[in-house]
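**Q** predicted model and sequence follow; I will ask about them next.
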Amino acid sequence: MDTANLTAFLAVAATGSFSRAAEQLHLTQPAISKRIASLEHQLDCKLFDRIGRHISLTESGLALRPRALEIIDSLEDTRRALSNLSSVIQGRVSMATSHHIGLHRLPPVLREFTRSYPQVTMDIQFLDSEVAYEKVLHGDIELAVITLAPNIEPPILAERIWDDPLDFVVAPDHPLARVTSLTLDRLAEYPAVFPGPNTFTRRIVSEEFSRIGVEPQISMSTNYMETIKMMVSIGLAWSVLPRSMLDSQVQTLALPATHLERQLGVIWHSGRTLSNAGHAFIRLLKHNAQMVGLPPLTPTTTLKS
């Protein structure tokens, strides 16, 4: 069975469109149609129903899809394993990172990596940490540099790279900016802007309020830290931001009994053979963390999801 035909089948199944699959694979639409027709002929069954412009998998197509994914993943893993027999660091690294980490943490690492390994192609997707986690879990990408989930479990492996302290912040002219002795229950009386409800950061902050039985007054939510900072800076609400983002646009609130911190790190799938380039990238991440004075990193850790 031709793996190119299986790749075309998976692209059409994922996009629901022959034209979009062709764009994704850098082929013409007739070439995609020819590959699907060839596969249907080989298997002696129809894989897609075509009703007008709508395309859907047939029962046979639904049965083939997980098996096709398994075949392609197995071939890719074999290719990486054989390539790793050589010590040469080359090829392609598919990775994801959050917008915040991509803007504030990764640039020096990426700069050094591309200079050190010019034969490696970086395929980077900017995604929410939770989406990136799922992509690693399902084998869509090799690794992700994200906000680590409070709990991670096999088959995901995680390595802490950076500690990321979080501070409560308001606009300098916000009423709370003048309060010298502040508590979480007093803070909860004012409108807040939080990361989205499914984010790891939201979970960390919400658990701190749940610990004392208080519900914060969340008036808005967004997954982009830069947007949260903007809304705080114009006085719309208070929020929690990474300490690395703080400047004169916002004012830190002192809550002596409260300490919030998230862990930023890299994750990968234990059942997937990391490429030499993937190993090299993780080593560079760890080296970068040690160079900026963080405590020694824990060994590769298997945590809960």
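**A** On my side now, so go ahead.

**Q** helices or strands next to the lowest-mean-pLDDT helix or strand in the chain in the packing?
**A** Least confident element among the helices and strands of the chain, by mean pLDDT, DSSP states H and E: helix 59-83 (a mean of 83). If contacts are counted by 3 or more Cβ pairs under 8 Å, 6 or more residues apart in numbering; DSSP states H and E, helix 59-83 sits against helix 3-15. Where C-beta positions appear, they are placed from N, C-alpha and C, glycine not excepted.

**Q** about what we covered before: between the least confident helix or strand of the chain and helix 3-15, how big is the angle?
**A** Using axes from the mean of the first three to the mean of the last three Cα atoms, to 10 degrees, the direction of helix 59-83 lies 120 degrees away from that of helix 3-15.

**Q** now the next helix or strand after helix 59-83 - C-alpha only, CSV.
**A** Going down the chain from helix 59-83, the next helix or strand is strand 91-97, by DSSP states H and E. This file holds the C-alpha atoms of strand 91-97, laid out as CSV (Å, rounded to 0.1, in the frame of the first residue of the first chain):
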residue,chain,number,x,y,z
GLY,A,91,16.1,17.0,9.7
ARG,A,92,12.9,18.6,11.1
VAL,A,93,11.6,19.3,14.6
SER,A,94,7.8,19.8,14.9
MET,A,95,7.0,21.7,18.0
ALA,A,96,4.4,23.9,19.6
THR,A,97,4.6,26.7,22.1
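
**Q** what comes up buried for strand 91-97?
**A** Using 16 or more other Cβ atoms under 10 Å as the test for burial, strand 91-97 gives G91, V93, S94, M95, A96, T97.

**Q** in JSON lines, list these along with pLDDT and distance to T121.
**A** Formatted as JSON lines, the buried residues of strand 91-97 follow (pLDDT from 0 to 100; distance: Cβ to Cβ, whole Å):
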{"residue": "G91", "pLDDT": "86", "distance to T121": "7"}
{"residue": "V93", "pLDDT": "92", "distance to T121": "7"}
{"residue": "S94", "pLDDT": "93", "distance to T121": "9"}
{"residue": "M95", "pLDDT": "96", "distance to T121": "11"}
{"residue": "A96", "pLDDT": "97", "distance to T121": "15"}
{"residue": "T97", "pLDDT": "97", "distance to T121": "16"}
